[in-house]
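Novice: dropping the sequence and predicted coords here.
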Amino acid sequence: MGPALGLRGKSVLALFATCVLVLLLAGIAGWQAYESVRSHLGTAFTRNFTLLNRERILAPVTRELALSLRLARSEAIRLWLLDENNPEKKNRALREAESFRADFADKSYFIASNLSSHYYFSDQASPNATMPRYTAQSSDPSDAWFFNTMKFGAAFNINVDPDPKLGLTKIWFNALVLDGERKIGLCGTGLDLTTFVRDFIGTTERGVTPLIVDVNGAIQAHPDSRHIAFNSGTTAAAADKSLFGLLPEAGDAEAARAALDAAVRQPGSAEIFEASLHGKKQLIAVAYIPELNWHVLTAVDLAAADVLDTNVLKLIAAVVVILLAVAMMGFVFALNRLVLKPLVKLTQSAREMAAGNYSLALPAATNDEIGELTTAFGAMAGKVRRHTGELEDTVRERTRELVDANREMSVAHKKISDSISYASLIQRAILPDRQLAGALGDNHFVLWRPRDVVGGDFYVYREVEGGCLLGVVDCAGHGVPGAFMTMLARAAIDQAIDEAGAANPAGILACTDHVMRTMLHTENGQRDIATMMDAGLVYIEYGAQRLTFAGAKIALYWSDGQAVETLKGSRRSLGDRHPGEYTNETLELLPSRTFYLTTDGFLDQAGGDKGFGFGNARFIDMLRRHANQPLLQQGEAFASTLAAYQGSHAQRDDITMLCFRFGPSP
């Protein structure tokens, strides 16, 4: 027994030495893995946090800017600033501005005249803006923002600035009001700086500093307001209020500038660089918002940020230690069993392998025949285990790839859905609902029903001296392509109205046709997608009590409750292969007449038992039966009639119907 016990003691010592070495190597490898994972996760955390902040900032700020630009294009605002002492124009302009105030997030707006330098301001605390709050003076430094903005001539700027005369510090959205090429004033709104910092760049994450800079590096938002470059939209920022001024180490400013430039070239991505910020080495990500000319940055101190959950790491380390301890005890036990009962263990192992159990623990090999046999069995079992492990690893890898792909698809679907919803908000912003309500009140009704979230139909309204222009437009395509076409078509129609004049609908159609052909011209003269559009325009001349109509495949219907008459438009669409000829036709504007413009989506809608289109005859009969009712009731009747006919059939096309009358309501 003596030699056997000595051999067993040496084997036990060798086993313990091996276990200690394995633990040491595992500890070193674990620490390196920890640092690598922390660096990788820190980079991903910084990039994702920055992109998330970009999206959180983009939607609300873009919305405020879009509303400010919309207010600046208001005809009522323009006419009032040209004749500021006219009480009627003032009341109308302020009513228009008040309707925008309800939509602004800050519930406030301002209007500043470049002709009188008067500054008007309205918010919830003081909604009455009939009198100017103050008159800007070129000699007053606090008014420099106004005169600099008028001098630079950009369509808009976003300026972080305290207004000492109002006692407010806000992010101001300044939009130019133009009379042709002439700059006659500014209007817009503001976002409270404290609220903006708290809601959009404020964070409770330890070791994380979010901030916003403009294209020149001037700081627009920072958790510490002392670093914000006020009025940087029109003046240069001081060094301590610039991103580059906060990076004192050599090379950091160049790295920051390179990252800003790279983000501009690739909007929607996040560029990473390292720099010393506020005395600490930090990982910084930057993403660019081209709509605002802003950069969103996130600085992360990896030593302080909670990138990895230390509690989870402690739990994993404890589990690993326990498993290693159990494994070591198992090895000791296996060694004892090998020395004491080698033949029994080997026989038992052989039987288990014959039964298909390849994950058994074999005795340690010795320098004899049993050891050689044990080695052979071990090699065979190891090969089977490796093959089994490789198969399991392959299955796990494929499963992980499927899970990752599904996650990416879900994220992409949400981004697309959010983008389309935001596109719908933008498309709604170009529709003249407020202008129609202000001008016609209960004497009009609009049925606008896109087939998808966004669509290719829209309607227009332009009020001019002595009259107004109304119309509907049906662009080719549905959904996002149709919505993009509406943006081009709206711009083309606005240009055509300015060139041909609102009183000439036929000239507007011809000019729009020319503008659209110019915009969509291709080198070989062919088009891969349909770019045609139907339109019907009506000019109302108040003094003469008559209307002038011209259409491109859209007709004008009118009825006095007894009969329904029609003025047919041209047989060619705008943008057709061959240009159409559009002519003006006039009608007497009688109070008993109600007028209707509709796109073909209403007439072509499938329904009924056989799925036929609604049709012109059914449409005319519907107009005749409801023509004497108030327009609100007519609109409800038309919608319910269409729904009853449509039944379970899907909506085929975008539907737009504009109804109006001029005269007392029946």
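Specialist: Looks like it arrived, so ask away. Numbering: from 1, shown residues only.
Novice: and the helices in the stretch 551-666 of the chain?
Specialist: With DSSP state H, counting those that start in this stretch as the criterion, the stretch 551-666 of the chain has helices at 600-603, 616-626, 631-646.
Novice: now swap in the stretch 201-350 of the chain and tell me
Specialist: Remark: helices assigned in the stretch 201-350 of the chain by DSSP H, counting those that start in this stretch are 252-265, 310-340, 342-354.
Novice: now, of the helices of the stretch 551-666 of the chain, which is deepest in the fold?
Specialist: Comparing these by mean neighbour count (mean count of other CB atoms under 10 Å), helix 600-603 comes out on top with a mean of 20. No exception for glycine: its C-beta is placed from N, CA and C like everyone else's.
Novice: what packs against it?
Specialist: Packing contacts for helix 600-603, counted by 3 or more CB pairs under 8 Å, 6 or more residues apart in numbering; DSSP states H and E, involve helix 616-626, strand 655-660.
Novice: at 10 Å instead, please
Specialist: Contacts defined by 3 or more CB pairs under 10 Å, 6 or more residues apart in numbering; DSSP states H and E place helix 600-603 against strand 444-449, strand 612-613, helix 616-626, helix 631-646, strand 655-660.
Novice: show me what the helix or strand following the first one packs onto, helices and strands only.
Specialist: Elements were assigned by DSSP states H and E; along the chain past strand 444-449, the next helix or strand is strand 457-464. Secondary structure elements in contact with strand 457-464, counted by 3+ CB pairs under 10 Å, 6+ apart, are helix 75-82, helix 369-429, helix 433-440, strand 444-449, strand 467-475, helix 479-500, strand 533-541, strand 655-660.
Novice: how about 8 Å then?
Specialist: Applying 3+ CB pairs under 8 Å, 6+ apart, we find strand 457-464 packed against helix 433-440, strand 444-449, strand 467-475, helix 479-500, strand 655-660.
Novice: between the ones you listed, which one is nearest to Thr135?
Specialist: Proximity to Thr135 (CB to CB) singles out helix 433-440 among the helices and strands packed on strand 457-464, at 28.9 Å.
Novice: can I get that closest one as PDB, trimmed to CA atoms?
Specialist: Taking C-alpha atoms only, helix 433-440 is exported to PDB below (Å, rounded to 0.1, in the frame of the first residue of the first chain):
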ATOM      1  CA  ASP A 433     -57.600  74.200 -42.900                       C
ATOM      2  CA  ARG A 434     -57.200  77.400 -40.700                       C
ATOM      3  CA  GLN A 435     -57.400  79.700 -43.700                       C
ATOM      4  CA  LEU A 436     -60.500  78.100 -45.100                       C
ATOM      5  CA  ALA A 437     -62.200  78.100 -41.600                       C
ATOM      6  CA  GLY A 438     -61.200  81.700 -41.200                       C
ATOM      7  CA  ALA A 439     -62.500  82.800 -44.600                       C
ATOM      8  CA  LEU A 440     -65.600  80.600 -45.200                       C
END
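Novice: can you pull the buried residues of that helix?
Specialist: Arg434, Gln435, Leu436, Gly438, Ala439, Leu440 (16 or more other CB atoms under 10 Å).
Novice: which SSE is the residue lying closest to the first one once chain neighbours are set aside in?
Specialist: In space, Arg434 comes closest to Ser99 once its chain neighbours are excluded; the distance is 5.4 Å by CB to CB, 6 or more residues apart in numbering. Assigning secondary structure by DSSP H and E places Ser99 in helix 87-101.
Novice: one step back: check the residue nearest to Arg434 and give its pLDDT.
Specialist: We have a pLDDT of 89 for Ser99.
Novice: show me where the stretch 51-200 of the chain has its strands.
Specialist: Along the stretch 51-200 of the chain, counting by DSSP state E, counting those that start in this stretch, strands occupy 109-113, 118-122, 134-135, 156-163, 168-179, 182-192.
Novice: partner strands of the longest one, with direction?
Specialist: Next to strand 168-179 in the sheet, as set by DSSP bridges, lie strand 156-163 (antiparallel), strand 182-192 (antiparallel).
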